[in-house]
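# Predicted model follows, preceded by the sequence.
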Protein chains: 2
Amino acid sequence: MAITSSTTDPSAPFDTQELRAWRGMLRAHAALTKALDAELEAAHGLPLSSYEVLLHVSHAEDQRMRMCDLADSVILSRSGLTRLIDRLEREGLVARESCPSDARGSFARLTPEGRTKLDAARRTHLAGVRLRFLDRVTPEELEALGDVWDRVLAGDDVDEAAVPPCG
Amino acid sequence: MAITSSTTDPSAPFDTQELRAWRGMLRAHAALTKALDAELEAAHGLPLSSYEVLLHVSHAEDQRMRMCDLADSVILSRSGLTRLIDRLEREGLVARESCPSDARGSFARLTPEGRTKLDAARRTHLAGVRLRFLDRVTPEELEALGDVWDRVLAGDDVDEAAVPPCG
DNA sequence: TCCCTATTGTTGCACATGCAATCATCAGAT
DNA sequence: ATCTGATGATTGCATGTGCAACAATAGGGA
């Protein structure tokens, strides 16, 4: 019988190191996002997804962004973003504005209340990420992680590439 | 004004490296799970969460596991697992069995059909993880990743620790 | 000018998921 | 034996999410 070598058989079982790196990421991600979300919700009544949206909007000039740009920045579908902005608007944290140059488009603009809430939530979130993640990683590992993610995300189009041309 | 040093102010903004490592993980995780889930669903009609459950059950002796043990192994709540097993049972991939030693408990056992389906899905999944993740990581990075996740997950109880004793 | 296609944002629908309540059962104390 | 608290599993309910369909508008060519 053949020796299962990872370089020849792409569907060979994972070895210990591979398993540790892969499942570890899944578990760490789940634990981190769950803890951070709960923390943010408890301290400011703001889910993590809402926080991320507010943060992105706040980085844009004029504190406003087009829905489509926002959907690309955030890990969320178009429809998901629409409902999330609905909620934020209901809470008075953002306001929708129509786009003069494109009647189809909408802006989401950060309100003063949204800015205040975001500033407070930001401190909580940054401290939470440091406590649970960044403080447990050396500078060298930090750089290695960044490199890995860049490489992983560079092949974001492997879906198409993996599918036979005339599928 | 004070110089913002990451060692003194836990809520100081992230620097470039920190941002790259943190947001990179969020994006990479989202991209990977989405691609792998879609791939598995397309090839075998099996969502990633179902695959993980089947895999864990298959690793247990007698190909069966208690619901509570399963819920601890998988990243899923108790109720979520109950419904997931409902679906898998409806598809004939697992079967529920009562536990002789504890009438409260249930086993989920892998059926022959489940075993067949899992074997096929496993090849797809392993190859997918290699293609999108493992093949893009050096052995040194792999080890570093494992170390990082261990450290991150070791403090899985920071929630309680961060809460004031008599909160 | 008119038409055709692409894009933007929203909505209907289905679905997976978590929390809290619930039921049955276990284990231990009295 | 009985009572009590803890535990395993399930269910009702609410919620967040994605996909596909849709309406409105943009942009470009005949």
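Alright, I've got the coordinates. Numbering: from 1, shown residues only, chains lettered A, B, ... in the order given.
# Make sure A:Leu88 is indeed in a strand.
No: counting by DSSP: H, G, I helix; E, B strand; the rest coil, A:Leu88 is not part of a strand but helix.
# what's the burial count for it?
23 (other CB atoms under 10 Å in any protein chain shown). In short, each C-beta sits where N, CA and C put it, glycine included.
# Output the below-cut-off pLDDT ranges for chain A.
Confidence mapping of chain A against pLDDT under 70 gives the ranges A:1-8, A:156-167.
# In it, what residue comes closest to DNA strand D?
Closest residue of chain A to DNA strand D, CB to the nearest atom of the strand: A:Gly80 (2.5 Å).
# Tell me which residues of the helix or strand where that residue lies come out buried.
Secondary-structure assignment from DSSP states H and E places A:Gly80 in helix A:78-90. Neighbour-count burial for helix A:78-90, counted by 16 or more other CB atoms under 10 Å in any protein chain shown, picks out A:81, A:84-85, A:88.
# Which of the residues in the helix or strand following it are classified as buried?
Stepping forward along the backbone from helix A:78-90, the first helix or strand reached (DSSP H and E) is strand A:94-98. Using 16+ other CB under 10 Å as the burial criterion, the residues of strand A:94-98 that qualify are A:94-95.
# quick one: strand A:94-98 near DNA strand D?
No: legend: contact between strand A:94-98 and DNA strand D by CB under 7 Å from any atom of the strand is lacking; minimum distance shown is 9.7 Å.
# Pairing partners for that strand, with directions?
With DSSP bridges as the test, strand A:94-98 is paired with strand A:106-110 (antiparallel).
# these two touch, right, A:Glu39 and A:Leu126?
No: here A:Glu39 lies out of contact with A:Leu126, judged by CB atoms under 8 Å, at a distance of 11.5 Å.
# Tell me which residues touch the spatially most central residue of chain A, please.
Geometric centre of chain A, nearest residue: A:Ile75, 4.8 Å, by CA atoms, centre = their mean. Contacts were defined as CB atoms under 8 Å, 6 or more residues apart in numbering or on different chains; by that measure A:Ile75 touches A:52, B:26-27, B:30.
# Give me the PyMOL select line for the residues you listed, limited to the buried ones.
To isolate the buried ones among the contacts of A:Ile75 in PyMOL, judged by 16+ other CB under 10 Å, type:
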select buried, (chain A and resi 52) or (chain B and resi 26)
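# for the contacts of A:Ile75, which one is nearest A:Arg20?
B:Leu26 (20.4 Å; CB to CB).
# just the helices in chain A please.
Using DSSP state H, the helices found in chain A span residues A:16-44, A:48-59, A:67-73, A:78-90, A:112-132, A:139-154, A:158-162.
# and A:Leu70, what does it touch?
A:53, A:56-57, A:81, A:85, A:108.
# same check, this time on A:Ser106
A:66-67, A:96-99 are the contacts of A:Ser106 under CB under 8 Å, 6+ apart.
# got the contacts of A:Leu70 as TSV, with distance to B:Val148 columns?
Below are the contacts of A:Leu70 laid out as TSV (distance: CB to CB, whole Å):
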residue	distance to B:Val148
A:Val53	28
A:His56	26
A:Val57	31
A:Leu81	31
A:Ile85	34
A:Ala108	35
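# out of these, who's nearest A:Asp15?
Once CB to CB is applied, the member of those that ends up nearest A:Asp15 is A:His56, at 39.0 Å.
# Show me what from chain A comes close to DNA strand C.
Those residues of chain A that sit near DNA strand C, judged by CB under 7 Å from any atom of the strand, are A:66-68, A:71, A:78-79, A:81-83, A:85-86, A:96, A:99, A:102, A:104-106.
# Sweet, I'm off.
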